[in-house]
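J.: Structure for this input, please:
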Amino acid sequence: MLIAGIIYRRVIVQTFGVLAIVTATLVVTQLLDRAELLIGGGRFALVLLYFAAMITPSIIVVLAPVALLVGVARAFRMLNEDRELTIAQANGVSPGGLAAPIAIVTAALACIVLIFSLVIEPYASRTSQSILNATTVSALNNATRLRSSTRLDNNMILWIGEKLPDRQFGKIVVFDNSDQQVQRVIFAERGHLVESPSGNLMALRQGEIQSKHVNDDTASRVEFTSYALMLPMPGGATDQVRPRQESTMALLGRCGADCLEADRRTIWRELHRRFSDWIQVFACGAIAAYFFVGAATTVSNLRQNFALALVIAILVRGMGFVALSGGNPSSWRAGLAYGAPLVAAFLFGALALSNNKIPATRNMAVWLWRHVRKRPV
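T.: The predicted model follows:
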């Protein structure tokens with residue numbers, strides 16, 4: 001049908017347009033947040049673009065469901081303004097015929113999210129972390145050459161006076177405010193970087209630590225012959241090689257009997273996240289079809305229903321985040337991560353295809369819209 005082709009094209013353009021704009025905005029924000037370190041590490045334009053590409057998949061996985069909802073809403077608003085939906089309904093086009101393009105786009109986007117979650121995102125996360133690790137080392141080398149301070153994060157500044165043979169550094173000063181109650185200044189005659197699974201360590205020798213307690217202004221001084229300082233990784237990543245950075249097959253292989261209980265919980269939480277993210281796309285697609293296909297009569301209906309659809313979509317998405325945010329990934333948590341989007345997808349999808357309406361939803365949408373509009377600015 002002609003109307004199906006029009007809906008199909010507009011939903012695709014609006015959905016992927018919203019996804020591209022918001023993703024680009026967040027990527028630029030991430031680059032600006034790390035600009036000082038990346039530039040200080042001597043990263044060139046191609047490396048910056050490569051880093052931007054590597055942080056994009058994780059953003060797409062999170063934004064895709066809501067982008068689909070917003071894209072469908074914008075597409076149907078445009079179709080309503082052009083009176084194309086009114087003509088289609090007058091010619092007897094069924095709700096299923098109007099919802100079919102949404103279903104096709106939803107299935108395609110869900111497959112993209114599944115591939116990103118299982119394959120592309122872990123690789124991209126590992127690669128972006130490797131770029132940041134290399135940037136830290138480059139920033140230290142530049143600081144040594146320029147005899148200037150290097151801000152590793154908001155709480156730590158490193159100054160290196162000279163570069164010694166065998167990858168050694170000399171005359172090292174560290175300003176550490178990671179503990180909000182204690183301000184520390186570390187002096188060391190020499191030190192060198194040590195790569196470990198937990199990140200970059202700086203092994204310091206022959207120095208002292210001067211500390212000042214903020215609450216009572218007391219000070220202390222401790223001398224040391226050797227001291228290991230954990231350097232904060234860019235972006236705050238100081239954990240071990242995280243399950244988010246491991247491939248899906250590697251995570252499945254680590255869930256054996258010899259795996260520690262704490263590691264098993266973290267691994268299963270990550271696996272549940274990867275295998276449930278794509279279902280969120282189906283949930284948002286079904287919610288969009290329910291609220292916009294059957295309610296495509298007036299612009300006011302679209303606005304009211306968009307407010308309620310967005311609330312329901314955020315609620316379903318939030319259930320998944322809460323279920324996998326922490327604690328023991330028990331069966332009920334895993335059931336909530338999969339069950340909430342599945343129930344939403346089947347419920348709203350069936351109602352959209354049958355053109356049935358839950359009576360309370362119209363009243364809720366009208367009340368929510370009026371309540372928001374009456375709030376003082």
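J.: contacts, neighbours, all on C-alpha from now
T.: Noted.
J.: quick one: terminal-to-terminal distance for stretch 205-219?
T.: This stretch, stretch 205-219, spans 22 Å end to end (C-alpha to C-alpha, to the nearest Å).
J.: for that stretch, which positions count as buried?
T.: Of the residues in stretch 205-219, 205, 207, 208, 209, 211, 212 count as buried by neighbour count, 16 or more other C-alpha atoms under 10 Å.
J.: Between the residues you listed, which sits nearest residue 254?
T.: For these, the minimum distance to residue 254 (C-alpha to C-alpha) is 37.6 Å, reached by residue 205.
J.: Chain neighbours aside, what residue packs nearest to that closest one?
T.: Leaving aside its chain neighbours, residue 205 sits nearest to residue 226 (4.3 Å; criterion: C-alpha to C-alpha, 6 or more residues apart in numbering).
J.: and that neighbour, which of the three is it?
T.: strand (DSSP: H, G, I helix; E, B strand; the rest coil).
J.: got the contact list for it?
T.: 203, 204, 205, 206, 207 (C-alpha atoms under 8 Å, 6 or more residues apart in numbering).
J.: Which strands or helices does the longest helix along the chain pack on?
T.: In the chain, ranked by residue count with DSSP state H as the criterion, the top helix is helix 45-81. Here helix 45-81 touches helix 2-33, helix 95-115, helix 121-146, helix 261-293, helix 299-324, going by 3 or more C-alpha pairs under 8 Å, 6 or more residues apart in numbering; DSSP states H and E.
J.: quick one, which of the ones you listed is packed in tightest?
T.: Of all those, helix 261-293 carries the top mean neighbour count, a mean of 23, counting by mean count of other C-alpha atoms under 10 Å.
J.: Tell me what angle that helix forms with helix 95-115.
T.: For helix 261-293 against helix 95-115, the angle by axes from the mean of the first three to the mean of the last three C-alpha atoms, to 10 degrees is 160 degrees.
J.: what packs against helix 261-293?
T.: In terms of contacts (3+ C-alpha pairs under 8 Å, 6+ apart), helix 261-293 is packed against helix 45-81, helix 95-115, helix 248-253, helix 299-324, helix 331-354.
J.: what angle do it and helix 331-354 make?
T.: Using the same axes, to 10 degrees: helix 261-293 against helix 331-354 is 10 degrees.
J.: circling back: is it possible to export the helices and strands packed on helix 261-293 to TSV including mean pLDDT and distance to residue 28?
T.: What follows is the helices and strands packed on helix 261-293, written out as TSV (pLDDT from 0 to 100; distance: least, C-alpha to C-alpha, whole Å):
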stretch	mean pLDDT	distance to residue 28
helix 45-81	87	8
helix 95-115	88	21
helix 248-253	80	28
helix 299-324	82	24
helix 331-354	84	30
